[in-house]
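Asker: this one's structure only:
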Ligand SMILES: Cc1ncc(C[n+]2csc(CCOP(=O)(O)OP(=O)(O)O)c2C)c(N)n1
Ligand SMILES: [Mg+2]
């Protein structure tokens, strides 16, 4: 793995949505926990913004290796998805998460098994990070009966009740009100779980997003809304679709706390989650977090990687902040990881992806008589 990221220049937000000063360059001030608040007259001081760059505090070496392993698994798994798609083994839509793995990894590493997760169609990495079996994810992609949704959902509809993974949803923003509903159910049952709901930045212009945030705040629901801001909705840059590119400002409209963090830095993701989880469990309040990231592949498998709506130079610049590379470099420089250990972790990830492929490829297709099973619920009785 190249170490170019070490030399990557600090990026200004305008130039690089995922960019921030390199890790550890600016040590956190004070106790390292308190994010700076912005005294912007228009926005007030409610929204915490641009938290101090986080360090690795709070993680053990074993946890850091697990974080690296989780990201590597998602990357290697999805590289095989691209291959399987090209071979015609995966049909329909297929949206890869490559480049955004620090978000799924950081988020899932902070929540409990009894918490709930709901996401959009770019869901393979989220599912794997949550602990959904790689075999059942790959089999779902292959449209096989052993898949997480019986082979009838496909790439966009991974669902796994065992891990409280509530999808995989194809309609932009359509699942955000469902997250509010889950939050309401938690509150109604007097539970102290949280519901984590992630979506792309284009979803903040959808009406359902606003309805959900309004109710979540009004009813004090324990939902953590995460905007994975990769700066594009299909081939449309955020500057061409969104009147106010500061998507986090949406939080203020609903009297909600939130912050904007570097989504390429798994530790920044974890720190923001720690605050949001505490707020949800103790204060029963929702949070909106913007995680700035970048996708390294096309919008979906049928989309060009670059050269149409974004330049190759832009892509390459952003790939210097590959989340796996950043964590690798940080651990390598701290003497916590040798190249040999990195290769071992990588080989393990590749072996799991191969096993998932073999399992999916040898699984049967769903039988015809299951065509209507799990499609509608019978509410007549
Ligand atoms: C309501 C609705 N409108 C349009 C589409 C078509 N569509 C699919 S993905 C997408 C872009 C969404 O971008 P974003 O929310 O930023 O997520 P990303 O793909 O970047 O992860 C659009 C417009 C859709 N699926 N649903
Ligand atoms: Mg997007």
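Answerer: Thanks, I have the structure now. Not measured: the values here are computed from a predicted model. Ligands and ions are numbered 1, 2, ... in the order given.
Asker: tell me the secondary structure for residue 225?
Answerer: Following DSSP: H, G, I helix; E, B strand; the rest coil, we place residue 225 in the strand state.
Asker: Spit out the contact partners of it.
Answerer: Residues near residue 225 by Cβ atoms under 8 Å, 6 or more residues apart in numbering: 176, 179, 197, 198, 199, 212, 213, 216, 286, 287, 288, 289. Where C-beta positions appear, they are placed from N, C-alpha and C, glycine not excepted.
Asker: That one pairs with what?
Answerer: Following DSSP bridges, residue 225 is listed with bridge partners residue 197, residue 288.
Asker: Roughly how far does it sit from residue 262?
Answerer: For residue 225, the distance to residue 262 under the criterion Cβ to Cβ, to the nearest Å works out to 18 Å.
Asker: What of residue 308?
Answerer: Residue 308 sits at a distance of 27 Å from residue 262 (criterion: Cβ to Cβ).
Asker: So for the two, which residue has more residues nearby?
Answerer: More neighbours surround residue 262 than the other of residue 308 and residue 262, with 28 against 10 (other Cβ atoms under 10 Å).
Asker: wait, doesn't that one sit right on residue 268?
Answerer: Yes: at 4.6 Å, residue 262 counts as touching residue 268 under the criterion of Cβ atoms under 8 Å.
Asker: Looking at neighbours, which among the contacts of residue 225 is most surrounded?
Answerer: In terms of neighbours by other Cβ under 10 Å, these top out with residue 286 at 33 neighbours.
Asker: List the contacts of that one.
Answerer: The neighbours of residue 286, taking Cβ under 8 Å, 6+ apart as the test, are 183, 213, 216-217, 220-225, 256, 279-280.
Asker: Which members of those residues are positioned in strands?
Answerer: For those, the ones inside strands are 223, 224, 225, with DSSP state E as the criterion.
Asker: CSV for the residues you listed, including pLDDT?
Answerer: Rendered in CSV, the data for the ones in strands among the contacts of residue 286 read as follows (pLDDT from 0 to 100):
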residue, pLDDT
223, 98
224, 99
225, 99
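Asker: Out of the contacts of residue 286, grab the one that's most surrounded.
Answerer: The most crowded member of those is residue 223, carrying 32 neighbours; neighbours defined as other Cβ under 10 Å.
Asker: Now that residue: closest residue in space, sequence neighbours ignored.
Answerer: Among residues not flanking residue 223 along the chain, residue 183 sits closest, at 4.0 Å (Cβ to Cβ, 6 or more residues apart in numbering).
Asker: Please, which helix or strand holds the closest residue to residue 294 other than its chain neighbours?
Answerer: By the measure of Cβ to Cβ, 6+ apart, the closest residue to residue 294 outside its immediate chain neighbours is residue 318, 4.1 Å from it. Assigning secondary structure by DSSP states H and E places residue 318 in helix 312-319.
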